[in-house]
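Participant: model the following, please.
(2 chains)
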Amino acid sequence: MIDEKILKSEEKAIYALRALYKKYGYLPFKMNKFEEYELYLENKDFLVSNRIITFNDTTGKLLALKPDVTLSIIKNSEDRPGYKQKTVYNENVYRVSGRTGQYQEIMQTGLECIGDLDLYDIFEVLSLAAKSLGLIMPEFELDISHLGILSALLEEAGGDEAFRKKASSYIAEKNTHDLERLCKAAGIEPEKAARLTAVTGIYGERKTVLKKLLPLCDSRAAKAAWEELKALDALLSLSEFSERICYDFSIVNDMAYYNGIVFKGFLKGICEGVLAGGRYDKLMQKMGKKSGAIGFALYLDLLEENKAPSAAFDVDTLLLYDAATPPEEVWQTVRQLTSENLSVSAQRAVPEKLRFRRILDLRKERA
Amino acid sequence: MINIALPKGRLGEKVYAMFEAAGYECPSIKEESRKLIFENPEKGVRYFWVKPSDVSIYVERGAADIGVAGKDILLEYEPQLYELLDLNIGKCKMAVAAKKDFYDSGDSTLKVATKFCNIARQYYASLGREIDIIKLNGSIELAPVLGLSDVIVDIVETGKTLKENDLEVRADIVPISARLVANQSAFRFQSQKIEEIVQELKAQVQKV
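Facilitator: Predicted structure coming up:
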């Protein structure tokens, strides 16, 4: 039996999440540590960072330490009409950290639902995302956006690729002031620019957001996306975590790969999003697949930020013995203490850095 | 309690004045002392002064919930933050400057001295121009004067320093001003208070 007290928060999370995903029929996907570099080269914009650790295998083939798991799962997926592949993984990935600019090993767990998706599948994945966050910490927030609405508004506004890219980055920053200036400089019609700016600031309780969004969704594409969001909202209201799920239109994943629902999860006290996901049918198409797909990843390494205060002592008892102490006596004392659920460190001298509650001295030579 | 990182120096004093006028005063901040943190529990705010280029780090890492940083720093380091408001103070521009007699024929690699390597790299990449970046930490204006670089990319406020060193602005890259930034997670868990501060500061900006 594992004593939960000795587990770190990320280790506890792995066990709890594995049990959760299993309940919903998500099957584990164990993959090779390495992947052919070509897979990432063809889809490098999908990756968080395009700097990848590569090496040659024994036959000279260029391999990479996995910077991402989703691409490998898609590569191994099959298009089967009516069928849904529900996969869960727990892997280490290797990426350059945006903060430090150095390579980092990141512990990632996540799930992917690939196949003929319907509204229930989207709801199930969102609901599992919320449950995952709730399992780790009661104070969390899951924020959802719909790229269908954003891309329709950007499309309506016109402007070239550079404009759309810049506008998307301002929307992601909730930066309405620079977005207004950008629209003006690009000659976007004031009414269309106003809609883009308005959607940037939209965040909060779902029903209120839906009301605010409706007048902004003029085009057929935007309205269809709004309808999907509304239908989803009815299901989300049934979730036990309904009040912790909000809409936030500053969530902008790369529209070349993602479409539809995208989302991000936050835990109180952790300074950045710990969960990210979305629907990525466009990536599937780029990889020659016909199925739809939605999934998310949880970055468990970030849970380290939420360390429990360290205990005042490393061990309860420092047990000192010397050459004259019979080893049987040391063993019996250790066994007695551990059976009382006390931790003990048997040593011949007091270790410099060990913090202990009390000393038990079995040394005979001194006596 | 909202933790607010303010940039040390003249700009920071102007920024604090805006917070004070917006109703988030903290009288102890004006007292002569070596204290680093100032708190007004009644108003639910805690201020601390940090080096201007460090504000975005404090906010991105969550040590501060919100802060005020120059757009130059935000463009250079690209922290993952929300940029909620342009405070319209500390206005200047990021520009390319060169010696008055420098002629850029465009047929060789341009030597660019700057403290803002990322901004310079992105600007010249947008022009498709090959450059050799020389990272300096201060006295950037000296580089073209001594022949270390062809041009500089730097902040220009009044242009007086450029003029005194026989330099002139050749191109404007981007206007700069102080921006109110927020930590992405804090924005969610303290959204009501942060939105309230944004609205109050917005009213102050309109008065400026």
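Participant: looking at it, A:F313 is touching A:S345, isn't it?
Facilitator: No - here A:F313 does not reach A:S345: they are 10.5 Å apart, not a contact under C-beta atoms under 8 Å. C-beta: built from backbone N, CA, C; applies to glycine.
Participant: joint contacts of these two?
Facilitator: Shared contacts of A:F313 and A:S345, defined by C-beta atoms under 8 Å, 6 or more residues apart in numbering or on different chains, comprise A:F356.
Participant: now stretch B:122-136: buried residues?
Facilitator: B:123-124, B:131, B:133-134, B:136 (16 or more other C-beta atoms under 10 Å in any protein chain shown).
Participant: cool, stretch A:31-47 as well?
Facilitator: So for stretch A:31-47, counting by 16+ other C-beta under 10 Å, buried means A:35, A:37, A:39-40, A:43, A:46-47.
Participant: ok, now how distant is the residue sitting furthest away from the middle of chain B from B:G147?
Facilitator: Farthest-out residue of chain B from its mean C-alpha position, per C-alpha atoms, centre = their mean: B:D107, at 33.5 Å. If you measure B:D107 against B:G147 using C-beta to C-beta, to the nearest Å, the figure is 19 Å.
Participant: doesn't A:T109 make contact with A:N90?
Facilitator: Yes - under the criterion of C-beta under 8 Å, A:N90 makes contact with A:T109 at 4.3 Å.
Participant: which residues are in contact with each of the two?
Facilitator: By C-beta under 8 Å, 6+ apart, A:N90 and A:T109 have these common neighbours: A:14, A:17.
Participant: please name the residues that touch the closest residue to chain B within chain A.
Facilitator: Here chain A gets closest to chain B at one residue, A:C271, 2.9 Å apart by C-beta to the nearest C-beta. Applying C-beta under 8 Å, 6+ apart to A:C271 gives the contacts A:305, B:60-62, B:183-186.
Participant: just confirm A:A231 is within a helix.
Facilitator: Yes - under DSSP: H, G, I helix; E, B strand; the rest coil, A:A231 falls within a helix.
Participant: okay, now it: neighbour count?
Facilitator: Using other C-beta atoms under 10 Å in any protein chain shown, A:A231 has 13 neighbouring residues.
Participant: over to A:R164?
Facilitator: A:R164: 18 neighbours (other C-beta under 10 Å).
Participant: buried stuff in the lengthiest helix in chain B?
Facilitator: Criterion DSSP state H: the longest helix present in chain B is helix B:191-207. For helix B:191-207, the buried set under the neighbour-count rule, 16+ other C-beta under 10 Å, comprises B:191, B:193-198, B:201, B:204-205.
Participant: up against chain B, what does the stretch 1-150 of chain A have?
Facilitator: Residues of the stretch 1-150 of chain A lying near chain B by C-beta under 8 Å from any C-beta of the partner chain: A:98-99, A:139, A:141, A:143.
Participant: go again using 7 Å as the cut-off
Facilitator: Selection of the stretch 1-150 of chain A residues close to chain B by C-beta under 7 Å from any C-beta of the partner chain yields A:98, A:141.
Participant: which residues in the stretch 1-150 of chain A form helices?
Facilitator: A:9-23, A:37-42, A:70-75, A:119-136, A:147-157 (DSSP state H, counting those that start in this stretch).
Participant: take those helices and write them to CSV, including mean pLDDT.
Facilitator: Converted to CSV, the helices of the stretch 1-150 of chain A look like this (pLDDT from 0 to 100):
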stretch, mean pLDDT
helix A:9-23, 87
helix A:37-42, 84
helix A:70-75, 89
helix A:119-136, 96
helix A:147-157, 93
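Participant: same list (the ones you listed) but as CSV, adding distance to A:L319.
Facilitator: Below are the helices of the stretch 1-150 of chain A laid out as CSV (distance: least, C-beta to C-beta, whole Å):
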stretch, distance to A:L319
helix A:9-23, 28
helix A:37-42, 53
helix A:70-75, 50
helix A:119-136, 37
helix A:147-157, 62
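Participant: so which of the ones you listed is nearest A:Q104?
Facilitator: helix A:9-23 (14.4 Å; C-beta to C-beta).
Participant: what segments of the stretch 151-300 of chain A are helices?
Facilitator: Taking DSSP H, counting those that start in this stretch, the helices of the stretch 151-300 of chain A run over residues A:161-172, A:176-185, A:190-200, A:206-213, A:220-236, A:281-286.
Participant: list the contacts of the last one.
Facilitator: In other words, helix A:281-286. With contact meaning C-beta atoms under 7 Å, 6 or more residues apart in numbering or on different chains, helix A:281-286 is reached by A:43, A:46, A:74, A:256-259, A:291-293.
Participant: out of the residues you listed, which are inside strands?
Facilitator: A:292-293 (DSSP state E).
Participant: may I ask which of the contacts of helix A:281-286 has the most neighbours?
Facilitator: Comparing these by number of neighbours (other C-beta under 10 Å), A:A293 comes first, having 26 neighbours.
Participant: next up, the contacts around that residue.
Facilitator: A:74, A:112-114, A:279-281, A:284.
Participant: what about 8 Å?
Facilitator: So A:A293 contacts A:74, A:77, A:112-115, A:117, A:279-281, A:283-284 (C-beta under 8 Å, 6+ apart).
Participant: in chain B, what residue lies closest to chain A?
Facilitator: Per C-beta to the nearest C-beta, the residue of chain B with the smallest distance to chain A is B:G62, at 2.9 Å.
Participant: which strands and helices sit next to the helix or strand hosting B:D132?
Facilitator: Assigned by DSSP states H and E, B:D132 belongs to strand B:131-135. Strand B:131-135 makes packing contacts with strand B:110-114, helix B:117-127 when contacts are defined by 3 or more C-beta pairs under 8 Å, 6 or more residues apart in numbering or on different chains; DSSP states H and E.
Participant: Provide the contact partners of the helix or strand following that strand at residue level.
Facilitator: Once the chain leaves strand B:131-135, the next helix or strand it forms, by DSSP H and E, is helix B:142-145. With C-beta under 8 Å, 6+ apart as the test, helix B:142-145 has contacts from B:97-99, B:102, B:113, B:134, B:136, B:148-152, B:165-167.
Participant: with just CA atoms, put the helix or strand that helix B:142-145 is followed by into CSV.
Facilitator: Once the chain leaves helix B:142-145, the next helix or strand it forms, by DSSP H and E, is strand B:151-156. Provided in CSV are the C-alpha atoms of strand B:151-156 (Å, rounded to 0.1, in the frame of the first residue of the first chain):
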residue,chain,number,x,y,z
VAL,B,151,23.3,51.8,-37.0
ILE,B,152,21.7,51.5,-33.5
VAL,B,153,18.3,50.4,-32.5
ASP,B,154,17.3,52.2,-29.3
ILE,B,155,14.7,54.1,-27.4
VAL,B,156,14.4,57.7,-28.6
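Participant: strand B:151-156: how far from the chain's middle?
Facilitator: 14 Å (C-alpha atoms, centre = their mean, to the nearest Å).
Participant: and if you look at stretch A:112-129?
Facilitator: 16 Å.
Participant: got the phi and psi for A:I188?
Facilitator: Dihedral pair for A:I188: phi -70, psi 140, per degrees, to the nearest 10.
Participant: hmm, it is touching A:D160, no?
Facilitator: No - using C-beta under 8 Å, A:I188 makes no contact with A:D160, being 11.2 Å away.
Participant: between the two, who's got more neighbours?
Facilitator: A:I188 (23 against 9).
Participant: residue contacts, the more buried one?
Facilitator: With contact taken as C-beta under 8 Å, 6+ apart, A:I188 is in contact with A:157-159, A:163, A:196.
Participant: so where does the residue farthest from the centre of chain B fall, helix or strand?
Facilitator: Going by DSSP H and E, B:D107 is not part of any helix or strand.
Participant: shouldn't A:A346 be within a strand?
Facilitator: Yes - using three-state DSSP, the assignment for A:A346 is a strand.
Participant: and for it, the neighbour number?
Facilitator: 19.
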